[in-house]
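Engineer: Take a look and give me a structure for this.
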Amino acid sequence: MRLIDQYRRLHALLQGQDEQPGLPALAQGLHCSERNVRILLGKMQQQGWLRWEAARGRGHLSRLSLLQTPQTAAMEHLSGLLEEGELEQAFDSLDHSQRQRLVERLPEFLGLMDGDNTQLRMSLYRAVQSLDPLDVTSRLEAHLVRQIFARLTEFDPVSRQIVPALAHHWECADGGSTWHFWLRPGLIFHDGTPLQREDVRQTLLRLRDTPFYYQPLYKNLQSVELDGGDGRDAGVGAGSRISCKLAQPDYLWPHRLATANASIVPRARKNDFGRMPVGSGPFKLVRNNEYRITLQAFKEYYRERALLDQVDLWMMAPPAGAEPFDLQFGHSDTTMLDTTGKARDVLSQSQAGCTYLVCNSRRPAFAKAEQRLALADWLAPTNLIAAGDVQRRPAAGILSAWKHRVAESRKRYTRLQGKQLTLVAWNTQEMMKLAAAVIARLEKAGASVRLVTLPNAPAGSDWQQHADLMLENEIINADEDFGCYEWFAADNVIRQWMSDECDAVVEQQLTAIQAMPLSTRRMAAYEELGRQLVQQGWIIPILHEHQQIQAAPHVAGLRATPLGFASFSELWIRGQGPGG
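Structural biologist: As a prediction, this is how the structure comes out:
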């Protein structure tokens, strides 16, 4: 039995006694020997729960004073475990209210770790779903996958170019229908097994053959060949060459292989790979449970080692008031202070992409473009965004630079009078706030609205045939070129709710775009495609968001990513001495 449970029994035993019992009575009450009672009392005294003076001489009783209630002692015990980093052990035996009480004490225990290790701690606003790259559809999981895995190529946000990663070189042949990649030598996964060309080949075929949200992005792949596929020497470096044969020309192929979904995975994977994946990225996953995720720097990473030793992600909302965590992601209208009263560093950036509304054209109320555009005017961003809101700006297109259609706010709107509508939205704090504003506006037009919330976990599609409207949020990744293509090409609710004729036109335009060698031409084509979708009411842009990252003063190397997070491998901890 745990020491804290023994203390509860001792407290209950003494509460019913008029006089202090001796060791024999305590032994009987605690169901153990007198020797064990002495040991227990000594341990409890070390914890500060009681004061015990052993009897000296025959006929004298020991003096025992309880200093804490079992509830207080339990919280002190759990807090001690938390201070030592034993989060799971601390929380396992608590109910919801007890966990909340312990969370309130987090600021006392979230300082830097003692010793030589550098550790960063942050809270996550929700539980993490599968970390198998194939399952990733949300930005939180995509960010973590990028820390754990590596890919053949990467997008460099400084040069705005696709750059080498696991592949140190690549070449295009056959007018964009064949792509040769040369793998770096000496690559290994986190478990020490070599990363070989066969792992790459099977990863790429898995992207093509396994049903998942972004599978359409890889349907163009016909085959993956090693050394040309004929077994003969294909020249210098051929032993590391991987060739992708495509059905159609595709100058976006190196971009596709830089996405989180295209992370290279080992061909031998355990059944719990989604929970404890093995990658070859800058951090290896060493813990993943309902309370905490722990990432440790991978010393054999093919590039420079991460500057942090460890990153701890706590699955709990931070307590109100002083922010105890080293990093916080999300929206905030004020700059918070750390636990020492110093102002926290804040990075704020406008996210590429926007929050928008989609109308189900298969429902009578929104079958025609004029119906959808009338709704767009009634839901003009100026009617939904509070004046002076520094975190949100009205949107007139998917990207902030695109001005496809400025909604004209209406004073009267009767098309929805008496209609019963179903609005679907993701269950996040920001989306719920916007959904409330949309519902209020629709009800002002005479509609009755039922809100259906979707969890952050991947949801089924049963709701789609019964829904009229959906609020969505799309964050374009750092590579805007491929980010636009990825968004237009995905099997999302826009493509599913638009007419078959329009869907076929979109697919035709995307095929033409991927065959364009120049990025400038592709971006112009994306803008025109976006204009068509907005001006036909398939998409109703509402707002562009600013995302903030708040960091404690001792956190350095902060650089925001378009997904609203910070690259863990670039962060480091400043010294805490007089000059720190």
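Engineer: Skipping its backbone neighbours, what lies nearest residue 43 in space?
Structural biologist: residue 3 (5.8 Å; Cβ to Cβ, 6 or more residues apart in numbering). Any C-beta I mention is one placed from the backbone N, CA and C, and that applies to glycine too.
Engineer: so what's the one you found up against?
Structural biologist: 40, 43, 44, 47, 77 (Cβ atoms under 8 Å, 6 or more residues apart in numbering).
Engineer: So which bits of the host helix or strand of the third one are buried?
Structural biologist: Think residue 44. Using DSSP states H and E, the element containing residue 44 is helix 34-46. By neighbour count on 16 or more other Cβ atoms under 10 Å, the buried set for helix 34-46 is 37, 38, 40, 41, 44, 45.
Engineer: how about the residues you listed in JSON lines, adding distance to residue 167?
Structural biologist: Shown next, in JSON lines, are the buried residues of helix 34-46 (distance: Cβ to Cβ, whole Å):
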{"residue": "37", "distance to residue 167": "68"}
{"residue": "38", "distance to residue 167": "67"}
{"residue": "40", "distance to residue 167": "62"}
{"residue": "41", "distance to residue 167": "66"}
{"residue": "44", "distance to residue 167": "61"}
{"residue": "45", "distance to residue 167": "63"}
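Engineer: ok, which pair from these is furthest apart?
Structural biologist: 37 and 45 (12.4 Å; Cβ to Cβ).
Engineer: Find residues that contact each of those two.
Structural biologist: With Cβ under 8 Å, 6+ apart, residue 37 and residue 45 have no common neighbours.
Engineer: Is it possible to get TSV of the contacts of residue 3 that adds pLDDT?
Structural biologist: TSV is the format used below for those (pLDDT from 0 to 100):
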residue	pLDDT
40	87
43	87
44	87
47	81
77	70
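Engineer: per-residue confidence for the residue nearest to residue 43?
Structural biologist: At residue 3, the pLDDT value in this model is 79.
Engineer: In this structure, spot the strand with the most residues.
Structural biologist: strand 540-551 (DSSP state E).
Engineer: Run me through the strand neighbours of that one, direction for each.
Structural biologist: strand 327-330 (antiparallel), strand 345-350 (antiparallel), strand 353-359 (antiparallel), strand 392-394 (antiparallel) (DSSP bridges).
Engineer: Report how many residues lie close to residue 306.
Structural biologist: Residue neighbour count, defined by other Cβ atoms under 10 Å, stands at 25 for residue 306.
Engineer: tell me the SS of it?
Structural biologist: coil (DSSP: H, G, I helix; E, B strand; the rest coil).
Engineer: That one touches residue 297, doesn't it?
Structural biologist: Yes: using Cβ atoms under 8 Å, residue 306 is in contact with residue 297, at 4.2 Å.
Engineer: which neighbours do those two share?
Structural biologist: Joint contacts of residue 306 and residue 297 (Cβ under 8 Å, 6+ apart) are 282, 283.
Engineer: ok, residue 257 touching residue 152?
Structural biologist: Yes: counting by Cβ under 8 Å, residue 257 touches residue 152, with 4.6 Å between them.
Engineer: List the buried residues for stretch 285-297?
Structural biologist: Result for stretch 285-297 [16+ other Cβ under 10 Å]: buried residues 285, 287, 288, 291, 292, 293, 294, 295, 296, 297.
Engineer: Could you let me know which of the contacts of residue 3 ends up closest to residue 223?
Structural biologist: residue 77 (60.5 Å).
Engineer: Tell me if I'm right that the closest one and residue 4 touch.
Structural biologist: Yes: here residue 77 reaches residue 4: they are 5.0 Å apart, a contact under Cβ under 8 Å.
Engineer: quick one, strands of the stretch 101-250 of the chain?
Structural biologist: Secondary structure of the stretch 101-250 of the chain, counting by DSSP state E, counting those that start in this stretch: strands at 119-123, 153-156, 161-164, 167-173, 178-183, 221-226, 241-246.
Engineer: Kind regards, and thank you for your time.
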